[in-house]
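[1] Sequence plus the predicted model coming up.
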Amino acid sequence: MNFSKYKKSIIACVLALGIGVGGGYYFFGNPITHQTTVREQTKQTKPITDTRNTYVVQAAKESGPAVVGITTQVFQKDIFNRTIYAGEGVGSGVLIDNDGHIVTNNHVVAGAKNGEVTVSLSNGSTVTGTVIGTDAQTDLAVVKIDPPKDIQPIKIGDSDSLQVGEPAIAIGNPLGLEFKGSVTSGVISALARTIDDQGQRFPLIQTDAAINPGNSGGALINADGELIGINSSKISKEGVEGMGFAIPINSAMTVVDSIIKNGKVVRPYIGVWAVDRQTAARNNVSYEGEGLLIVQLDANGPAAQAGLVEGDTIAQVDGKDISTLLELKEQIDAKSPGDTVLVSYTHNGKMKSTQLKLGQVSSN
């Protein structure tokens, strides 16, 4: 097969990273021409009844204090290439430990000047936070603050135990800090969703709990008030409602732990750019195979060193069938740099297998 006329567009597609749908953070331009004033009434005149004290109320009380607002100053270049202040972006974050580590989305803190952001705590105070690391591939980042005396980190749940139909509660700051700590509820609509074949690093949780701009980086919790996901995006199309997505906390914490430990994400590297049938079809490439078609290799990467070439088809990794890019990423990400995996592939129509020692690549 001749790849030359397709390679540039395919590789651009394969290298595209990120969620690639609606959501994001809320941006206030400069100058601000309109702000909504919201009066928040918290005074309780009488004890809440058992009927009103639902699982949503209890979970929000349990986890709400751990959800924070994150404000990032945004700068742009003018026509004279001067850096000018353009406004502020506001998103959400989740306090995960007593050391003051906050998980949020990479796109919430992207471009933060000198790596500093303003963190608005649930008690009404604001503190300066430092971005200690980001990972564009998973759209995750970690911010560090000096832990306040009344710190209340969230309880970490188990996203692998989720069931479709169980309650889901989103907490964040939709449309800016005027609506801070907003709570919406729904259900887990689906698990292991794929919405971006090329850039998505792991399957996402789908929920119908309302997620709006500014909710990015906020908490998706279960009925027990435990963190099960980091709200990241929503399908933003006319006529589409109730389709929000969150990064499963079990997957997210692997990235977060690496950032806290190393200041970056260190992940294994195979050194191939490949397409599955769906990606090939979108790029007008005739490919009906079951595995992943290799369209380019890093000449010095592990796959090339193991003998794979362009046009080969990856069929299995460690005995597990591979038919999508996401499946390949999951298999490789489950390993560590330096590990050896068994790759089964077809070459000129013949099935072959080889031991491949994984390399290393970092997020920055």
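    Perfect, I can see it now.
[2] any low-confidence regions in the stretch 201-350 of the chain?
    Residues of the stretch 201-350 of the chain meeting the criterion pLDDT under 70: 201, 233-242.
[3] mind redoing it with 80?
    201-202, 212-215, 233-243, 277-289 (pLDDT under 80).
[4] Show me the helices in it, by range?
    Under the criterion DSSP state H, counting those that start in this stretch, the stretch 201-350 of the chain contains helices at 249-262, 277-282, 302-305, 325-333.
[5] Just the pLDDT at residue 75, thanks.
    Note on residue 75: pLDDT of 66.
[6] typo on my end, residue 356
    90.
[7] any chance of the helices of the stretch 201-350 of the chain in CSV, plus distance to residue 46 and mean neighbour count?
    (Each C-beta comes from the backbone N, C-alpha and C, glycine too.) CSV is the format used below for these (distance: least, CB to CB, whole Å; neighbours: other CB atoms under 10 Å):
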stretch, distance to residue 46, mean neighbour count
helix 249-262, 36, 20
helix 277-282, 57, 17
helix 302-305, 66, 21
helix 325-333, 51, 19
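[8] looking at those helices, which is closest to residue 138?
    Between residue 138 and the helices of the stretch 201-350 of the chain, the tightest spacing by CB to CB is seen for helix 249-262, at 5.2 Å.
[9] For burial, what's the neighbour tally of residue 245?
    Neighbouring residues of residue 245 were enumerated by other CB atoms under 10 Å; the total is 26.
[10] Who does it form a beta bridge with?
    residue 206, residue 233 (DSSP bridges).
[11] And it, how close does it get to residue 347?
    Using CB to CB, to the nearest Å, residue 245 is found at 38 Å from residue 347.
[12] What of residue 329?
    From residue 329 across to residue 347, the span is 23 Å (CB to CB).
[13] cool, residue 273 as well?
    Residue 273 is 17 Å from residue 347, by CB to CB.
[14] When those two are compared, which one has more neighbours?
    Neighbour count, other CB under 10 Å: between residue 273 and residue 347, residue 273 has more, with 19 against 14.
[15] hey, where'd the strands end up in the stretch 51-200 of the chain?
    For the stretch 51-200 of the chain, the strands defined by DSSP state E, counting those that start in this stretch occupy 67-77, 83-95, 101-104, 116-120, 126-135, 140-144, 155-156, 167-172, 182-193.
[16] what helices or strands is the shortest one leaning on?
    Translated: strand 155-156. Where contact means 3 or more CB pairs under 8 Å, 6 or more residues apart in numbering; DSSP states H and E, strand 155-156 is packed against strand 226-234.
[17] From the chain's centroid, how far away is the strand it packs on?
    For strand 226-234, the separation from the chain centroid amounts to 9 Å (computed by CA atoms, centre = their mean, to the nearest Å).
[18] Output the contacting helices and strands for it.
    So strand 226-234, by 3+ CB pairs under 8 Å, 6+ apart, packs with strand 22-23, strand 83-95, strand 155-156, strand 167-172, strand 204-207, strand 219-221, strand 244-248, helix 249-262.
[19] Nearest to residue 146, out of these?
    strand 83-95 (12.2 Å).
[20] and the closest one, average pLDDT?
    Mean predicted confidence for strand 83-95 is 78.
[21] same thing with stretch 169-181?
    Computed over stretch 169-181, the average pLDDT equals 75.
[22] what distance separates the start and the end of that stretch?
    Stretch 169-181 stretches 12 Å from its first residue to its last (CA to CA, to the nearest Å).
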